[in-house]
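Peer 1: Take this sequence and fold it.
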Amino acid sequence: MKNIFSKILTASVFIFALGSCEKEIELLPQQSIDVKGAFINESAAESTLQGVYSSCQLLEMNGGMGQVFSDMMADNSSFVGSFPTFQEVRDFNTLSTNGNVQGVWQQHYRVVLRANDVIANVPNVPGSSFTPAKRAQFIAEAKFLRALAHFQLVNLFAQPFNKSNGADLGIPLILEPFTGTVVFPARNTVAEVYVSVIKDLTEAAADLPATYASALLTRGRATKGAAQALLSRVYLYRQDYANAALNSKLVLDANATYSTAVNYSFWASKNTSEDIFTIQNSGVDNGTTGTGGWASWHRPAANGGRGDVKFSPALIAAYQAESGDGRFSLTTTGTGADNLPATFSTKWSDAVNNADNSPVIRTTEIVLNYVEAKAEVDNAVSQDLIDRMNVLRTRAGLSNWTLATFASKAAFVDAVLNERWKELAFEGHRRMDLLRRGRNLRPADAKAAFGASKTILPIPQREVDNNPSLTNQQNPGY
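Peer 2: Alright, predicted model coming up:
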């Protein structure tokens, strides 16, 4: 992210140890793995760390592709674009040779490998002015980004934790830097991936600062609150509601830094109190590769986009179930890529220069995480939880809830999940919010049923072909 950081390419850019290499590689001298120059001093080490953040910008990581995949597999959106690789995912007919799926896999692991370089090499950077506290911070930032990449991968390429208590195959955990020897890692279980992600985030939270010198850095760089917020999501997906509530509360108690906006104008701004961690983009520095950014998917041609991703009828019905839902004002109408009229999201506005930031964690999500988790922990609905939800309901222009609104805790949780659907639409959450609750991604579609084989993506065929450890570890149905 040039608007925050100067970019540097480390050796991991050129050699990708997981599956993108052939089984045997002959390294030329100029390709040799030598990261010494990337860690020659504190300044170089920070530039290398900044390169990890830049890797997160790209379309296949947090530039929108995986999030669009997730939304169109669920009941959020109707994908009407012409990309066959996206149509496969939409229809639950994905092939293991799908090039976009391959790109998502590879880009996430590039982030992992670059983070591993930082974690392994920062302790040995020369210079007495490079303090232990600053070294620990750099390592913590890299662990946060590694955890984010591993977690997003396991959500896309493996069944959710609750399907078999984490016993299903997850994704390969890569926790060491590439030193020149090609290794062929097998898939870890989902439970093992969760353990690793939680470890990374817990260790990161201990060494990350609460804030930085500017709002741009506080929202665009890993902080203690960002690690705790991501932990709350991880624990929620694991159905460890006690720890989900605990970590959510830690974030919400830091209310001088994080608070819910009073209206939805924050979508037209950048780096507000709504943003806990967001990928920073500008018109000259963003993660697109010719395909476009978030707005390109979600805006019609009249607004500079392609009109590929429109509201599903189910999502429109959810908003219209209560008259005057202000969240539905974040819409525009236009012609879709299929030349039919449609409704589109306006959460992202710049489909020309792709300068919109990419949301990863928002304060609103953490409120919802806390309320859902605390209701499950207490097996009851409290006035505090009602009050927290009414902040969001008031912002949306809807009537307040009371304790008498709900006949049971289960009815309250269902209502919270419905609010979550409407609050976080098109941000990539809906698929996992359904799966982690054991629900079908779409009604009356056997392919979309909880546990169905193609509700998760295939291990890319190139990885299976090049990695003998994956030969018998392809996801069922592929």
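
Peer 1: rest of the way, CA atoms for contacts and neighbours
Peer 2: OK.

Peer 1: got a list of what Arg388 touches?
Peer 2: 367, 371 (C-alpha atoms under 8 Å, 6 or more residues apart in numbering).

Peer 1: What confidence value was assigned to it?
Peer 2: Note on Arg388: pLDDT of 98.

Peer 1: just Ile361 next, same as before
Peer 2: 98.

Peer 1: How many residues are close by it?
Peer 2: Number of residues near Ile361 (other C-alpha atoms under 10 Å) recorded here: 20.

Peer 1: pretty sure Arg395 contacts Thr260?
Peer 2: No: with contact defined as C-alpha atoms under 8 Å, Arg395 does not count as touching Thr260 (9.3 Å).

Peer 1: which one of these two has more residues nearby?
Peer 2: A count of neighbours by other C-alpha under 10 Å puts Thr260 above the other of Arg395 and Thr260, at 22 against 16.

Peer 1: which residues touch the more buried one?
Peer 2: 273-274, 363-364.

Peer 1: Same check on Lys270?
Peer 2: Taking C-alpha under 8 Å, 6+ apart, we find Lys270 in contact with Asn357.

Peer 1: How much space separates it from Gly397?
Peer 2: Distance, Lys270 to Gly397, using C-alpha to C-alpha, to the nearest Å: 23 Å.

Peer 1: Where does pLDDT dip in the stretch 251-400 of the chain?
Peer 2: 289-291 (pLDDT under 70).

Peer 1: okay, now the domains of this structure?
Peer 2: The chain breaks down by automatic domain parsing into domains covering 11-72+82-223+277-287+426-470, 310-346.

Peer 1: Mean neighbour count, those: which tops it?
Peer 2: A comparison of the domains of the chain by mean neighbour count, using mean count of other C-alpha atoms under 10 Å, puts domain 11-72+82-223+277-287+426-470 on top with a mean of 20.

Peer 1: any idea how far that one is from the chain center?
Peer 2: 10 Å (C-alpha atoms, centre = their mean, to the nearest Å).

Peer 1: give me the number of residues near Val416?
Peer 2: 18.

Peer 1: List the contacts of it.
Peer 2: 368, 371-372, 389.

Peer 1: tell me the strands in the protein, going along the chain?
Peer 2: 77-79, 275-279, 309-311, 331-335, 341-345, 358-362 (DSSP state E).

Peer 1: quick one: the helices in the stretch 51-200 of the chain?
Peer 2: With helices called from DSSP state H, counting those that start in this stretch, the stretch 51-200 of the chain shows them at 65-73, 84-90, 99-121, 132-157, 161-164, 190-207.

Peer 1: Minimum distance to Asp356: which of the ones you listed has it?
Peer 2: helix 65-73 (14.6 Å; C-alpha to C-alpha).

Peer 1: Run the angle between that closest one and helix 132-157 for me.
Peer 2: Helix 65-73 runs at 30 degrees relative to helix 132-157, counting by axes from the mean of the first three to the mean of the last three C-alpha atoms, to 10 degrees.

Peer 1: Let me know whether Val413 touches Ala373 as I believe.
Peer 2: No: Val413 lies out of contact with Ala373 (C-alpha under 8 Å); the separation is 9.1 Å.

Peer 1: more neighbours, these two?
Peer 2: Ala373 (25 against 19).
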